[in-house]
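Visitor: Next one to model:
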Amino acid sequence: MRYAQLYFLFVVSMSLVGCETTPKVDNPVLGPPPPRLESALKQQKLKQSEYANRTPDRKNLLSGDFEDSENPFETRIITASTTSSSISSESSPEDSEEPLTDSTVVAMVNGSPLFVSDVIGVYDFQLQQAEQRMPPEEYQKLRRALIKRDLKGHIERQLLIHEMKSTLKKEQLEMLQEHLETAFEEERIPELQKQLKVNSSQELEEILNNQGRSIYSEKELFMKQQSAIQFMAVKAKATNDFSREEVLARYKANIEDYAVPSKVRWQRIRISFKKHGGKEKAIAVLHEVIHKHQAGEDFGELAKQYSDGTRAEKNGQWGWTRSGSLAEPDIEKALFELPVGQVSQVFETPNSYQIVKVNGRKEAGYTPFADVQGKLEQTMITEARMKATKEILDSLYAKAVIETKFKIEDENVKPTNSEAH
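Guide: Residues are numbered from 1 along each chain as shown. A predicted model of the protein is given here:
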């Protein structure tokens, strides 16, 4: 994982906590009830522009507000050519509603609002371009499609950040923030400079500004992503390695996944009836080929001279061919039965005469365990992490209160009937 030293630090930091603690609330299962979407807008009215515009006043990213700006596990991309139909072709009741502004609340997560700008603010530059070339109604559909696509990831990050703030002590949060800030300056900034081919922070800021971004917004995004990712890594406690015996057991249990069919490497001389003016004239050419081969001429040279098959210029040579992949069953049967180095009898097809030669063969078998051990172990590690991640998120969903009017394909997220905008 990138920023591995931070992961180690965070593990040490978490070890100082001891048993996890959960804040006391009236309902320990559901947590504090969130305000309705309608009231949330009223309550946040004075702060909406601050959230929407992502002002630099929000300095303490780990102990302040954590409105999400990206999926903590996957960076989504939208290009200037993206349209709403390319993201989602489904129409829904939301598509006919009033336009969404940056300060519209799209979800309430444990009482904290997620605004439109929190979800799609990262696409500001591309959306500005799209707005110039798209009809207003299509542009609004694009914004809604992006929200519906990305909202679930933002909700999950909000849950992780809420849990982190509830679990870690203030000094631990401050320590994590300090080291994330160092990582941003020492690692992320050089990465951005290399990607954008600039040599200074001033040049970087100028390029980012032209794209509707800034060093500050990049830092904000980096801090949120890394804190959520590393907190999840610590919480999930997934297996990071498996013994050889465990990997071998998985290999044996799924041995058919590693089955390798027999293969043959071969050459062909094909003499078509049409090219030579009919079947009788083709036979004359065939006899000439057979006579020369019996006299000791090379099969490949004869293929280059006489064959009108697709690989004649390559001496009629075909690479490794799997059984079951040829259209002529009689020819394929011969290829997998003839001794290596032997030339076949003449085969007559509806439009040609053909002769083949077997140059090599690999019998059916299984990919050796040693060849797949590393990849298989990595697959098992990935599966273990995904399972652990799902279990953590499921537990967070179980004690959370989430309201949104957007349809999200997840049984843990309940839509609200609110009509608020």
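
Visitor: C-alpha only now, for contacts and for neighbours.
Guide: Fine.

Visitor: OK, contacts around residue 269?
Guide: 302-303, 306-309, 312, 316, 354-356 (Cα atoms under 8 Å, 6 or more residues apart in numbering).

Visitor: can you count the residues close to residue 184?
Guide: 20 (other Cα atoms under 10 Å).

Visitor: all strands of the stretch 151-300 of the chain, in order?
Guide: Taking DSSP state E, counting those that start in this stretch, the strands of the stretch 151-300 of the chain run over residues 259-260, 263-272.

Visitor: What pairs with the first one, parallel or antiparallel?
Guide: To tie it back to what came earlier, the one meant is strand 259-260. Strand pairing for strand 259-260, determined by DSSP bridges: strand 365-366 (antiparallel).

Visitor: Please compute how far the helix or strand just after the partner strand lies from its chain's middle.
Guide: Using DSSP states H and E, the helix or strand that directly follows strand 365-366 along the chain is helix 369-398. From the chain centre to the centre of helix 369-398 is a distance of 15 Å (Cα atoms, centre = their mean, to the nearest Å).

Visitor: For the remainder of this discussion, apply numbering that starts at 2.
Guide: I'll keep to 2 as the first residue from here, and by that count the last item is helix 370-399.

Visitor: just checking, what packs against the helix or strand that helix 370-399 is followed by?
Guide: For helix 370-399, the following helix or strand on the C-terminal side (DSSP H and E) is strand 403-405. Packing partners of strand 403-405 (3 or more Cα pairs under 8 Å, 6 or more residues apart in numbering; DSSP states H and E): strand 106-110.

Visitor: Strand partners (parallel or antiparallel) of the next helix or strand after the strand it packs on?
Guide: Following strand 106-110 in sequence order, the next helix or strand is strand 113-116 (DSSP H and E). With DSSP bridges as the test, strand 113-116 is paired with strand 106-110 (antiparallel).

Visitor: quick one, what contacts residue 205?
Guide: 193-194, 197, 199, 216.

Visitor: Select from these every entry located in helices.
Guide: Judged by DSSP state H, the subset of the contacts of residue 205 located in helices is 193-194, 197, 216.

Visitor: Among the residues you listed, which one sits closest to residue 204?
Guide: Minimum distance to residue 204 across the ones in helices among the contacts of residue 205 is 8.5 Å, recorded for residue 194 (Cα to Cα).

Visitor: My guess is that closest one contacts residue 200. True?
Guide: Yes. At 6.2 Å, residue 194 counts as touching residue 200 under the criterion of Cα atoms under 8 Å.

Visitor: quick one: the nearest residue to residue 315 once chain neighbours are set aside from residue 104, how far?
Guide: Of all residues not flanking residue 315 in the chain, residue 305 sits nearest, at 6.8 Å (Cα to Cα, 6 or more residues apart in numbering). Separation of residue 305 from residue 104 (Cα to Cα, to the nearest Å): 72 Å.

Visitor: any idea which of the contacts of residue 270 is closest to residue 117?
Guide: Each of these was checked against residue 117 using Cα to Cα; the closest is residue 310, at 61.6 Å.

Visitor: tell me, how many neighbours does the nearest residue to the closest one once chain neighbours are set aside end up with?
Guide: Spatial nearest neighbour of residue 310, chain neighbours left out: residue 271 (5.3 Å); criterion: Cα to Cα, 6+ apart. The tally of other residues near residue 271 (other Cα under 10 Å) stands at 25.

Visitor: follow-up on the earlier one: tell me the most buried of the strands of the stretch 152-301 of the chain?
Guide: Among these, strand 264-273 has the highest mean neighbour count (mean count of other Cα atoms under 10 Å), at a mean of 23.

Visitor: how distant is that strand from the center of its chain?
Guide: The answer for strand 264-273 is 41 Å, by Cα atoms, centre = their mean.

Visitor: And stretch 123-143, by the same measure?
Guide: On Cα atoms, centre = their mean, the centre of stretch 123-143 falls 25 Å from that of its chain.

Visitor: list the buried ones in that stretch?
Guide: 123-124, 126-128, 131, 139-143 (16 or more other Cα atoms under 10 Å).

Visitor: Output it as CSV, nothing but the C-alphas.
Guide: What follows is stretch 123-143, C-alpha atoms only, in CSV (Å, rounded to 0.1, in the frame of the first residue of the first chain):
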residue,chain,number,x,y,z
VAL,A,123,-14.2,17.0,-7.6
TYR,A,124,-15.7,17.1,-11.1
ASP,A,125,-16.1,20.9,-11.2
PHE,A,126,-13.7,21.4,-14.1
GLN,A,127,-15.3,18.7,-16.3
LEU,A,128,-18.8,19.8,-15.4
GLN,A,129,-18.1,23.4,-16.4
GLN,A,130,-17.1,22.1,-19.8
ALA,A,131,-20.1,19.8,-20.0
GLU,A,132,-22.4,22.7,-19.1
GLN,A,133,-21.2,24.7,-22.1
ARG,A,134,-22.0,22.1,-24.6
MET,A,135,-25.1,20.4,-23.2
PRO,A,136,-28.8,21.4,-22.9
PRO,A,137,-29.7,22.5,-19.4
GLU,A,138,-31.9,19.4,-18.8
GLU,A,139,-29.2,17.0,-20.0
TYR,A,140,-26.6,18.8,-17.8
GLN,A,141,-28.8,18.3,-14.7
LYS,A,142,-29.2,14.7,-15.6
LEU,A,143,-25.5,14.3,-15.8
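
Visitor: what mean pLDDT does that stretch have?
Guide: The pLDDT scores in stretch 123-143 average 91.

Visitor: ok, back up a step: helix or strand next in line after the helix or strand the residue nearest to residue 315 falls within, which one?
Guide: Under the criterion of DSSP H and E, residue 305 resides in helix 300-307. With elements assigned by DSSP H and E, the helix or strand that comes after helix 300-307 is strand 318-323.

Visitor: Past that following strand, which element shows up next along the chain?
Guide: Per DSSP H and E, the first helix or strand lying C-terminal to strand 318-323 is helix 330-336.

Visitor: Please parse the protein into its domains.
Guide: 5-243+382-405, 263-364 (automatic domain parsing).

Visitor: Would you mind listing the outside residues contacting stretch 296-308?
Guide: 268-272, 286, 290, 294, 313-318.

Visitor: higher neighbour count, residue 305 and residue 104?
Guide: A count of neighbours by other Cα under 10 Å puts residue 104 above the other of residue 305 and residue 104, at 22 against 19.

Visitor: Longest helix in the chain, by number of residues?
Guide: Under DSSP H, the chain gives helix 137-168 as its longest helix.
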